[in-house]
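Peer 1: need a structure here:
(2 chains)
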Protein chains: 2
Amino acid sequence: MKINAYFATSLDGFIARTDGSLDWLPQPEADGEDYGYSHFFNSMDVLVMGRNTYETVLTFGEWPYADKRVFVLSSRKLDMPAFVPQILTQRACSPGELAQELSTQGVEQVYVDGGKTIQSFLRAGLLDEITISIIPVLIGRGIPLFGPLDADVKLQVVESQSFENGIIQNRYMILR
Amino acid sequence: MKINAYFATSLDGFIARTDGSLDWLPQPEADGEDYGYSHFFNSMDVLVMGRNTYETVLTFGEWPYADKRVFVLSSRKLDMPAFVPQILTQRACSPGELAQELSTQGVEQVYVDGGKTIQSFLRAGLLDEITISIIPVLIGRGIPLFGPLDADVKLQVVESQSFENGIIQNRYMILR
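Peer 2: Numbers count the residues shown, from 1 in each chain, chains lettered A, B, ... in the order given. Okay, the predicted model is just below:
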């Protein structure tokens, strides 16, 4: 089983402004260029997120993940409006316990989303691959993706790609 | 006149550990690969740094900049051991005043080094180009290169290069 993260950061390393806003992300391209996101998303069996990401998704008013199996890691009961599909599963367990459960089920590709959730999988040594799209803008302050670690984490570049609008997308394998 | 910065960061955006150490940087390559640094350095007319970088350089016990003209921005008197060349000039002025002085002298390429000094040129809207080498390691905590800004700063990718050891080097032009 492989656990993957996929996200965009500003050049100064933030995934959102301090208030959570993403207005600095480039607008979707008219030609449908999505920097490989659909391809990535479609190749994932399961999506795992934390409460913060889940609550942000709820503000969209519609469910963006079609019939993808989604797990939300949260110890508190989730608000579940009618548009949230039955396929959503809540777990109050640790990243390691969820990874064990998914692995036992034969899941092959896991997509982990949300800053805190990505960090917790990383710190637990469970993350295998991260794809980072660097947006060519400095926003000065915001929410960093990465956080404190017990030890250095070394990575290996799998792929590096430049897009016309200045986005540089790097895919790294985490070395253990 | 063009003002340039050139530096390496960990993938989590730090230019040094909290204690200033750089042990996470890759060792120099046996084949002399220096990721374009000599080429960059040789094409610069003047090097500008702050007191912190100057004091770090003093610990080397020898002067690494040959006969390059060097300006140190500091309001306090500098310690100047015998190995520091006479070519070194101290200024207590602002980045803008120094840029004005250098421009009047016909200087064409300025290399600004040191986290705080790069930040102060960036905040003053004086930086033209930055070259960032991203080292494939997460160090968890440290000294970030970038800091708060009054407004977003947009950039444009000039060049993106991958090296065999996983370093990804991106050169950005700052848009104004």
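Peer 1: going forward, measure contacts and count neighbours with C-alpha atoms only.
Peer 2: Noted.
Peer 1: Tell me the residues on chain A that lie near chain B, please.
Peer 2: Contacts of chain A with chain B, taken as CA under 8 Å from any CA of the partner chain, map to A:12-13, A:136-141, A:145-157, A:160, A:162, A:166, A:168.
Peer 1: Among those residues, name the buried ones.
Peer 2: By neighbour count, with 16 or more other CA atoms under 10 Å in any protein chain shown, the residues of chain A next to chain B hold A:12-13, A:136-141, A:145-147, A:153-157, A:160, A:162, A:166, A:168 as buried.
Peer 1: Sketch out the low-pLDDT regions of chain A for me.
Peer 2: Residue ranges of chain A with pLDDT under 70: none are present.
Peer 1: any chance you could map the helices in it?
Peer 2: Here chain A has its helices, by DSSP state H, at A:37-42, A:51-58, A:95-104, A:115-123.
Peer 1: Next, name the residue at the spatial heart of chain A.
Peer 2: With distances taken as CA atoms, centre = their mean, A:Asp113 lies nearest the centre of chain A, 2.4 Å away.
Peer 1: what's near enough to touch the residue nearest to A:Val153 when sequence neighbours are not counted?
Peer 2: Spatially, and ignoring its direct neighbours in sequence, A:Val153 is nearest to B:Leu138 (5.0 Å; CA to CA, 6 or more residues apart in numbering or on different chains). B:Leu138 sits next to A:Asp152, A:Val153, A:Lys154, B:Ser10, B:Leu11, B:Asp12 when contact means CA atoms under 8 Å, 6 or more residues apart in numbering or on different chains.
Peer 1: now do 10 Å
Peer 2: Listed by CA atoms under 10 Å, 6 or more residues apart in numbering or on different chains, the contact set of B:Leu138 reads A:146-149, A:151-155, A:174, B:9-14, B:24.
Peer 1: Same question for A:Tyr54.
Peer 2: Here A:Tyr54 is in contact with A:Val48, A:Val70, A:Phe71, A:Val72, A:Leu73, A:Ser74, A:Leu78, A:Asp79, A:Met80, A:Asp113, A:Gly114 (CA under 10 Å, 6+ apart).
Peer 1: isn't the fifth one right next to A:Thr89, touching?
Peer 2: Yes. Counting by CA atoms under 10 Å, a contact exists between A:Leu73 and A:Thr89, whose distance comes to 8.7 Å.
Peer 1: The two: which is more packed in?
Peer 2: More crowded of A:Leu73 and A:Thr89, by other CA atoms under 10 Å in any protein chain shown: A:Leu73, with 22 against 13.
Peer 1: Distance of the more buried one relative to chain B?
Peer 2: 23 Å (CA to the nearest CA, to the nearest Å).
Peer 1: ditto for A:Gln109
Peer 2: The value you get for A:Gln109 to chain B, if CA to the nearest CA is used, is 23 Å.
Peer 1: Looking at the residues of chain A next to chain B, which are in strands?
Peer 2: Counting by DSSP state E, the residues of chain A next to chain B place A:Val137, A:Leu138, A:Val153, A:Lys154, A:Leu155, A:Gln156, A:Val157, A:Ser160, A:Ser162, A:Ile168 in strands.
Peer 1: Surely the third one and B:Pro136 touch.
Peer 2: This means A:Val153. Yes. Using CA under 10 Å, A:Val153 is in contact with B:Pro136, at 8.6 Å.
Peer 1: Residues in contact with both of those two, list them for me.
Peer 2: Common contact partners of A:Val153 and B:Pro136 (CA under 10 Å, 6+ apart): A:Ile174, B:Leu11.
Peer 1: still on that earlier bit, the residue nearest to A:Val153 and A:Leu149: what is the separation?
Peer 2: Distance of B:Leu138 to A:Leu149, given as CA to CA, to the nearest Å: 8 Å.
Peer 1: repeat for A:Gly36
Peer 2: Using CA to CA, A:Gly36 is found at 29 Å from A:Leu149.
Peer 1: before we move on, back to that, chain B: which of the contacts of A:Tyr54 is nearest?
Peer 2: Chain B lies nearest to A:Gly114 out of the contacts of A:Tyr54, by CA to the nearest CA, at 16.0 Å.
Peer 1: What residues does the closest one make contact with?
Peer 2: Each residue near A:Gly114 by CA under 10 Å, 6+ apart is listed here: A:Ala5, A:Tyr6, A:Phe7, A:Ile15, A:Val48, A:Met49, A:Gly50, A:Arg51, A:Asn52, A:Thr53, A:Tyr54, A:Leu145.
Peer 1: at 6 Å what do you get?
Peer 2: A:Met49, A:Thr53 (CA atoms under 6 Å, 6 or more residues apart in numbering or on different chains).
Peer 1: pretty sure A:Phe170 is touching A:Ile132, no?
Peer 2: Actually, residue A:170 is Asn rather than Phe. Yes. Taking contacts as CA atoms under 6 Å, A:Asn170 lies within contact range of A:Ile132: 5.4 Å.
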